[in-house]
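**Student:** Sequence first, predicted model second:
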Amino acid sequence: MIDGVIALYIFMLAAFTGYEVISRVPVILHTPLMSGSNFVHGIVLVGAMVALATADTPFVRIIGFVGVVLAAGNAVGGYVVTERMLKMFVLGGKKKGS
């Protein structure tokens, strides 16, 4: 298993790299980027559910449950934001159902 300090170092590097990559993305590409990240969030949710299923102690089950809830909220929120962004690109002012 990875030592705590090494895991924290990897997390910090990933956060910094992610921030730098996302900040350089042009505005027009944010919608496709959100769709791709929603896919990744779905994978994270599946991983959290697998981790919860293999939990042995009550403390690990609680942490796994919190992970599943946060991952599900992240995935659902990403799809909601993507849907709102796509509604901004309606041609000719026509609304759905008109």
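**Tutor:** Now that the structure is in, tell me what you want to look at. Residues are numbered from 1 along each chain as shown.
**Student:** Low-confidence ranges, the chain, go.
**Tutor:** Where the chain drops to pLDDT under 70, the residues are 1-2, 30-31, 34-35, 91-98.
**Student:** where along it do the helices fall?
**Tutor:** All helices of the chain, identified by DSSP state H, fall at 4-23, 30-53, 58-87.
**Student:** and the angle for the first one with helix 30-53?
**Tutor:** Compare the direction of helix 4-23 with that of helix 30-53 by axes from the mean of the first three to the mean of the last three Cα atoms, to 10 degrees and you get 160 degrees.
**Student:** that older thread, with mean neighbour count as added columns, please give the helices of the chain in TSV.
**Tutor:** (Each C-beta comes from the backbone N, C-alpha and C, glycine too.) TSV is the format used below for these (neighbours: other Cβ atoms under 10 Å):
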stretch	mean neighbour count
helix 4-23	10
helix 30-53	14
helix 58-87	14
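**Student:** Please report the distance of Val21 from Gly78.
**Tutor:** Computed as Cβ to Cβ, to the nearest Å, the Val21 to Gly78 distance reads 17 Å.
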